[in-house]
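Student: Quick check, what structure comes out for this input:
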Amino acid sequence: MKLWFSSIVIGSFLTNVSGFGVSSSKTSCRLSKSTSSLSMASSGPMGCRAIGIGSAAPKTIITNVDLESVVETSDEWIQTRTGISQRHVLLNDKTEESIKTLGRDAAKHALEMADVSPEDIDLIIVATSSADDLFGDATSVAAALGCTNAVAFDLTAACSGFLFATVTAGQYLSNPFNSYKNAIVVGADALSRWIDWEDRNSCILFGDGAGAMVLTTDDVDTDDTQTFGILGSSTHSNGLSYDVLKCDYEGSDVVVNTPTPVTLSKGSYNRLNMVGKEVYKFATREVPTVIREALDAADMEVEDVDWLLLHQANIRIMEVVASRLNMPMDKVITNLSDYGNTSAASIPLALDEAVRSGKVKKGDVIACAGFGAGLSWGSAILKWG
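Tutor: I've put the predicted structure just below:
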């Protein structure tokens, strides 16, 4: 098995790329144009393969037509600019549906497909930026599944979360110095909790949901670079452009009457804030590049890819990335129309539908890419089955 890490320097960011029509008026920041050494890691084939996939979404659906009575917009306007028709959202009823229950249900479906017992799971990573519990939901998900032998933790990387968590789990499973054999990677988010429902540029984009994938080391030939599983990956981050997409801490004053009174902070966060045109430029510039990096790590070419699976953010981004990779849109996996942008859940949600419908078959090569807040972005090449 090959394994390597490297760093690269990204030069000045490109400009003059048209936006996709959604930009918050509250932020005027732009992508950093300074040349800097950005965090990057890549790896070749890992000794694990994907054998199960599952998903879950809230029962409540808000359509574009529904939103016409909330903000100044229209179904035609939203679909034309984003490709979204509806989104699933969590209600404020923690006993019925939550990030924990969605993550549990998605993972349960993935375990059933994989035919793996919960007791045989060694590792659970929950990728989320909107956990029910500030301290994380992974241990609760593990307990709800009956994964009594698993270590569980959360990973926060926004819309890149599932991709980053998959690569992280792959590294755990590929490490010859531990005994991990089976892992569950969950992507679950409820950004409906953090958007401004009076801002038509953001409330139209996001939905809630969860997806999960089971990875195993069983029946993996690490000497065969074309075996099933994670064949190559590349991940990046750039905190210089953090302000382009953020949901930052706000807080309110709390006076503590010690002998010398002190003013502390009661926890809360601002609404999600995104500069849409800058995110569009970032995604359409970096995603094709990072996919090619992952393909290089896998010693593969674009022509070897059966399916392109991107974070489900905007149909225009998918069209541009596919075009720059010279891939037709009929090779792009998408369910954006039915779910909207579900952040860390979007890739496994779409993959689950594609596998269960028979579109993705055993042996198919899938080029996956996530991108989002941080800024962060990455790609993994999966051979399904």
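
Student: Helices along the stretch 51-200 of the chain, start to end?
Tutor: Using DSSP state H, counting those that start in this stretch, the helices found in the stretch 51-200 of the chain span residues 64-67, 75-82, 99-114, 138-145, 161-174, 200-203.

Student: chain center to the fourth one, what's the gap?
Tutor: So the one you mean is helix 138-145. 20 Å (C-alpha atoms, centre = their mean, to the nearest Å).

Student: Pull the residues that contact that helix.
Tutor: Under the contact criterion C-beta atoms under 8 Å, 6 or more residues apart in numbering, helix 138-145 has outside partners 100-101, 103-104, 107-108, 111, 118, 121, 124-126, 132-133, 150, 152-154, 184, 186. In short, each C-beta sits where N, CA and C put it, glycine included.

Student: ok, back up a step: so which of the helices of the stretch 51-200 of the chain is the most surrounded?
Tutor: helix 161-174 (a mean of 26; mean count of other C-beta atoms under 10 Å).

Student: Would you mark the buried spots in stretch 152-163?
Tutor: For stretch 152-163, the neighbour count (16 or more other C-beta atoms under 10 Å) marks 152, 154-163 as buried.

Student: same thing with stretch 286-298?
Tutor: In terms of neighbour count (16+ other C-beta under 10 Å), stretch 286-298 has its buried residues at 286-295, 297-298.

Student: Now tabulate the residues you listed in a markdown table and tack on secondary structure, pLDDT and distance to residue 329.
Tutor: Compiled in a markdown table, those are given as follows (DSSP: H, G, I helix; E, B strand; the rest coil; pLDDT from 0 to 100; distance: C-beta to C-beta, whole Å):
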| residue | secondary structure | pLDDT | distance to residue 329 |
| --- | --- | --- | --- |
| 286 | helix | 97 | 20 |
| 287 | helix | 97 | 15 |
| 288 | helix | 97 | 15 |
| 289 | helix | 97 | 20 |
| 290 | helix | 97 | 20 |
| 291 | helix | 98 | 16 |
| 292 | helix | 97 | 19 |
| 293 | helix | 96 | 23 |
| 294 | helix | 96 | 21 |
| 295 | helix | 97 | 19 |
| 297 | helix | 95 | 26 |
| 298 | coil | 94 | 23 |
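
Student: A helix includes residue 279, no?
Tutor: Yes: counting by DSSP: H, G, I helix; E, B strand; the rest coil, residue 279 is part of a helix.

Student: Just list the residues touching it, thanks.
Tutor: 244-245, 313.

Student: and if we set it to 6 Å?
Tutor: 244-245 (C-beta atoms under 6 Å, 6 or more residues apart in numbering).

Student: roughly how far apart are it and residue 269?
Tutor: 19 Å (C-beta to C-beta, to the nearest Å).

Student: got the buried residues of stretch 152-163 as JSON lines, with pLDDT and distance to residue 77 columns?
Tutor: As requested, the buried residues of stretch 152-163 are exported to JSON lines (pLDDT from 0 to 100; distance: C-beta to C-beta, whole Å):
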{"residue": "152", "pLDDT": "98", "distance to residue 77": "42"}
{"residue": "154", "pLDDT": "98", "distance to residue 77": "36"}
{"residue": "155", "pLDDT": "98", "distance to residue 77": "35"}
{"residue": "156", "pLDDT": "96", "distance to residue 77": "32"}
{"residue": "157", "pLDDT": "96", "distance to residue 77": "31"}
{"residue": "158", "pLDDT": "96", "distance to residue 77": "26"}
{"residue": "159", "pLDDT": "97", "distance to residue 77": "23"}
{"residue": "160", "pLDDT": "97", "distance to residue 77": "28"}
{"residue": "161", "pLDDT": "97", "distance to residue 77": "29"}
{"residue": "162", "pLDDT": "98", "distance to residue 77": "29"}
{"residue": "163", "pLDDT": "97", "distance to residue 77": "30"}
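
Student: which among these gets closest to residue 265?
Tutor: Nearest to residue 265, judged by C-beta to C-beta, of the buried residues of stretch 152-163 is residue 156 at 20.3 Å.

Student: Next, that closest one: phi, psi?
Tutor: The phi/psi pair for residue 156 (degrees, to the nearest 10) reads phi -110, psi 110.
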